[in-house]
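J.: Okay, here's the prediction I keep looking at, along with the sequence it came from:
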Amino acid sequence: METNNKKYVKMDIKQYGMFFALIAIYLVFAVLTKGANTTPMNINNLIMQNGYVVILAIGMLLCVLTGNIDLGVGSVVAVCGSVAGIIMMDLKMNMWVAIIAALLVGLLTGIFAGFFIAYLGIPPFVTTLATMLMGRGLTYTLLQAQTKGPFDQSYNFIGAGFLPVIKIPFGDGTLDIVSIVVAVIASAALIFSEIKSNATKRKYNFAVNPTWQIVLKLAVMLFIIWFFFYKLSRYNGLPFVLLIMVILIGIYGFITSKTVAGRQIYALGGNRKAANLSGIDTNKVFFWVYVNMGVLSAIAGIVLSARNGSATPKAGDGFEMDAIASCYIGGAAVAGGAGSIVGAVVGAFIMGILNNGMSLFGWSTDIQKIVKGAVLLGAVTLDVLSKRKKG
């Protein structure tokens, strides 16, 4: 019986290697920019600038898990932001009316795409390419190729505001106690989750990682948590968009790992025929995945327009590529059926760190696109080669 309690399995490098990659890329740019990317203000900007990409990556992961993508999210972001802007600026209505209207537009866009994909059998690539073109054209039509703004500060708070702070003197500046308390809670939750997970595996005689690997994994993740929260505590505290991100990560992490709906998405991506034979209504799964993507695109559109303080025709341009790349860099399988919410979020921040670091280093947007394309190609190539090797 003693040997049964000592089953070990190696750490999944694909699952946790992205955390090491995130730190490595960040450190490279810390050296190249002589520490410019480590300042509290830059860390705050990194989170605010990538909030909407993280939101889109969460929704995009569900599409990727089915073995498909959504090319229309950037245009939906723009349409929803423009609708909110028109309601507030032209119709002089309350910001809550604008938010509800933007969410409804996102919902309707998702229903539109989901219907064609799930019930008419139109390939997702073609359907979402159409929504991308129509959405961008509709944005230019609604805004008449002009910018709507500036928005009221209460609306801008969604994308540029901060949670309440409790500051105390510290060093040559101040320290936000709220940020530190949140870091403590997040650290305790992470450690508790790891202990509980390993206890459950041992209880049912499943293999677990060796202790040194568990300690290493926790050390890396705790370092990331404390680094970010400490830097935020030295600036203006926790951005409101961070709260939105955490809530969405928690909700979708639970859905994908603990619910029947989440398991059905993985089953669909793994083998659609087998999923159908097991009684899963795959058309229904496809439909709600793309409806969900529309709603999350609306949320991203609200956050983006609130951060910019205006609605612009070019808003969300290229966001679909960042969201898709985030999922693949975060370990999602190209063929579908494998991936995680945490992976997509880490992938989004890797993309964000690349964008931020290259901008600080002075590289042009042309070079940045080349680098991001190479990183995406590398991540997908590793996934394909690893599957070929296993096969």
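T.: Done, it's in. Given the structure is predicted, the values throughout are model-derived calculations rather than measurements.
J.: which residues of this structure fall in strands?
T.: 167-170, 173-176 (DSSP state E).
J.: Quick one: those strands as JSON lines, columns for mean neighbour count and mean pLDDT too.
T.: (Glycine included, C-beta is placed from N, CA and C.) Compiled in JSON lines, these are given as follows (neighbours: other C-beta atoms under 10 Å; pLDDT from 0 to 100):
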{"stretch": "strand 167-170", "mean neighbour count": "12", "mean pLDDT": "90"}
{"stretch": "strand 173-176", "mean neighbour count": "18", "mean pLDDT": "90"}
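J.: Turn these into TSV, columns for distance to residue 310.
T.: Rendered in TSV, the data for those read as follows (distance: least, C-beta to C-beta, whole Å):
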stretch	distance to residue 310
strand 167-170	30
strand 173-176	29
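J.: Of all those strands, which one is nearest residue 27?
T.: Distances from residue 27 to each of these were compared using C-beta to C-beta; the shortest belongs to strand 173-176, at 23.8 Å.
J.: what about residue 195, how many neighbours?
T.: For residue 195, the number of neighbouring residues by other C-beta atoms under 10 Å comes to 12.
J.: Quick one, which of the strands of the chain gets closest to residue 148.
T.: Relative to residue 148, the nearest member of these by C-beta to C-beta is strand 173-176, separated by 33.8 Å.
J.: Show me the helices in the stretch 201-350 of the chain, by range?
T.: 211-233, 240-258, 260-270, 272-277, 282-308, 319-329, 341-361 (DSSP state H, counting those that start in this stretch).
J.: tell me the most buried of these?
T.: Mean neighbour counts were compared across the helices of the stretch 201-350 of the chain using mean count of other C-beta atoms under 10 Å; the top stretch is helix 319-329, at a mean of 26.
J.: So which elements touch that helix?
T.: Helix 319-329 sits against helix 40-65, helix 73-89, helix 341-361, helix 365-390, with contacts defined as 3 or more C-beta pairs under 8 Å, 6 or more residues apart in numbering; DSSP states H and E.
J.: right, and the helices of the stretch 201-350 of the chain - which one's nearest residue 86?
T.: Evaluated with C-beta to C-beta, the helices of the stretch 201-350 of the chain place helix 282-308 nearest to residue 86, the distance being 11.0 Å.
J.: now that closest one and helix 319-329, what's the angle there?
T.: Angular relation of helix 282-308 and helix 319-329 on a 0 to 180 degree scale: 120 degrees, by axes from the mean of the first three to the mean of the last three C-alpha atoms, to 10 degrees.
J.: Would you map out the domains in this structure?
T.: 1-30+162-238, 33-151+241-382 (automatic domain parsing).
J.: Stretch 84-100: how far from the chain's middle?
T.: On the basis of C-alpha atoms, centre = their mean, to the nearest Å, the separation between the geometric centre of stretch 84-100 and that of its chain is 27 Å.
J.: What are the buried residues along it?
T.: 84-89, 95, 98-99 (16 or more other C-beta atoms under 10 Å).
J.: separation between residue 102 and residue 113?
T.: Using C-beta to C-beta, to the nearest Å, residue 102 is found at 17 Å from residue 113.
J.: Then residue 326?
T.: For residue 326, the distance to residue 113 equals 20 Å [C-beta to C-beta].
J.: try residue 39
T.: Distance, residue 39 to residue 113, by C-beta to C-beta: 41 Å.
J.: My guess is residue 329 contacts residue 376. True?
T.: Yes: in this structure, residue 329 is within contact of residue 376 by C-beta atoms under 8 Å, at 6.8 Å.
J.: how many neighbours does residue 62 have?
T.: By other C-beta under 10 Å, 28 other residues sit near residue 62.
J.: ditto for residue 145
T.: Quick note: residue 145 (other C-beta under 10 Å) scores 11 neighbours.
J.: Would you mind giving me the confidence score for it?
T.: Residue 145 carries a pLDDT score of 83 in this model.
J.: ditto for residue 279
T.: The per-residue pLDDT of residue 279 was computed as 84.
J.: Can you report how many residues neighbour it?
T.: By the criterion of other C-beta under 10 Å, residue 279 has 7 neighbours.
J.: Can you say which of the helices of the stretch 201-350 of the chain is nearest to residue 164?
T.: helix 240-258 (10.4 Å).
J.: by contact count, what packs against that closest one?
T.: helix 40-65, helix 153-160, helix 260-270, helix 282-308, helix 341-361.
J.: Columns distance to residue 17 on top of the ones you listed, output as a markdown table?
T.: Supplementary listing: those in a markdown table, determined by distance: least, C-beta to C-beta, whole Å:
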| stretch | distance to residue 17 |
| --- | --- |
| helix 40-65 | 18 |
| helix 153-160 | 32 |
| helix 260-270 | 21 |
| helix 282-308 | 27 |
| helix 341-361 | 10 |
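J.: could I get those helices as TSV with distance to residue 141 and mean pLDDT?
T.: Listed next are those as TSV, based on distance: least, C-beta to C-beta, whole Å; pLDDT from 0 to 100:
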stretch	distance to residue 141	mean pLDDT
helix 40-65	23	92
helix 153-160	23	92
helix 260-270	35	87
helix 282-308	16	93
helix 341-361	30	90
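J.: right, so of the ones you listed, which gets closest to residue 140?
T.: Counting by C-beta to C-beta, residue 140 lies closest to helix 282-308 out of those; the figure is 15.2 Å.
J.: And the residue nearest the centre of this protein?
T.: In the chain, the residue lying closest to the centroid (C-alpha atoms, centre = their mean) is residue 54, at 2.4 Å.
J.: Go ahead and confirm that residue touches residue 347.
T.: No: taking contact to mean C-beta under 8 Å, the distance of 9.5 Å between residue 54 and residue 347 leaves them out of contact.
J.: Next, show the common contact partners of these two.
T.: When contacts are counted by C-beta atoms under 8 Å, 6 or more residues apart in numbering, the set common to residue 54 and residue 347 consists of residue 326.
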